[in-house]
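In: Using only what follows, build the 3D model:
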Amino acid sequence: MEKERDRPFTFKQFVIRDDRCAMKVGTDAVLLGAWASTAGAETILDIGTGSGILALMLAQRMPSDTRVDAVEIAQSDFIQATENARNSPWPEKINMHHVAIQSYRTNTAYDLIVCNPPYFINSLVPPTLSRERARHAGSLSSRELLAAVKDHLSKAGTFSIILPTVEGIQFQSAAKEFDLYPSRRLAFYSRKQKPQERWLMEFSFEERDYITETLVLHGSGNEWSEEYQLLTRDFYL
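Out: Purely as a prediction, here's the structure:
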């Protein structure tokens with residue numbers, strides 16, 4: 001019998017299996033995949049794709065001629081992400097690469113780069129190396145990530161990321177050193193009465209005025225808020 005935790009996540013147009021991945025499908029990835037602006041994007045790069053959920057969400061949102069490249073350092077994650085992409089409606093759009101972003105080489109300048117990164121810098125180190133790589137910044141520092149984004153982002157492109165509140169402010173400050181400036185931000189809360197939990201941030205090479213919006217996951221009780229349902233309506237059943 002299939003274990004509860006090994007069951008795939010079934011979205012409206014695709015299925016994600018993550019039983020062999022270090023980190024499982026969660027709200028962070030769904031938020032980022034639905035929130036990232038795809039306007040004008042013909043080439044997309046997903047850094048640290050894990051199960052491939054971001055690559056698949058963006059493939060769903062984009063025209064048939066869009067190219068989505070996804071890099072993943074962990075072999076088990078790469079294999080499962082490749083299977084998820086192959087079994088999706090858009091296998092021709094998605095190219096999986098088993099490589100660290102620090103070693104990734106391409107002549108493509110990407111119109112959109114997304115990353116749901118390892119960011120639990122100050123938490124306890126988990127017992128397995130694969131889970132450590134997925135959750136911690138030991139294998140990908142913020143500066144290495146920013147350097148990679150600067151190298152691979154097109155001149156008019158955008159970079160979108162999700163981070164915890166404190167790390168998000170630190171990341172925004174560090175991004176200036178790489179000529180990356182915020183163009184949109186979303187403050188995410190699980191409930192109105194709780195502290196902010198995440199920053200969703202969009203960066204570009206153009207320094208400009210930007211707006212900060214707010215999204216709350218739960219309205220009353222455990223029901224999803226109307227705003228969250230509206231954002232993710234193309235994905236959840």
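
In: so where do the helices sit in the chain?
Out: 27-35, 53-61, 75-86, 129-135, 142-152, 165-175, 226-232 (DSSP state H).

In: Counting by contacts, list what the last one packs against.
Out: Here helix 226-232 touches helix 27-35, strand 211-216, going by 3 or more C-beta pairs under 8 Å, 6 or more residues apart in numbering; DSSP states H and E. The C-beta positions use only the backbone N, C-alpha and C, and glycine is treated the same way.

In: Please point out which parts of the strand ranked longest in the chain sit buried.
Out: Across the chain, the longest stretch assigned as strand under DSSP state E is strand 153-164. Under the neighbour-count criterion of 16 or more other C-beta atoms under 10 Å, strand 153-164 has 153-154, 157-164 buried.

In: Tell me what angle that strand forms with helix 142-152.
Out: With axes from the mean of the first three to the mean of the last three C-alpha atoms, to 10 degrees applied, the angle from strand 153-164 to helix 142-152 works out at 150 degrees.

In: Tell me, what's the model's pLDDT at Q170?
Out: Note on Q170: pLDDT of 94.

In: go on, I53?
Out: Looking at I53, its pLDDT stands at 97.

In: For the residue nearest to it when sequence neighbours are not counted, give me its contacts.
Out: Leaving aside its sequence neighbours, I53 sits nearest to A29 (C-beta to C-beta, 6 or more residues apart in numbering; 4.8 Å). Applying C-beta atoms under 8 Å, 6 or more residues apart in numbering to A29 gives the contacts 50, 53-54, 57, 116.

In: returning to that earlier point: out of the buried residues of strand 153-164, which comes closest to R17?
Out: Nearest to R17 among the buried residues of strand 153-164 is I162, at 22.1 Å by C-beta to C-beta.

In: Good, we can wrap up now.
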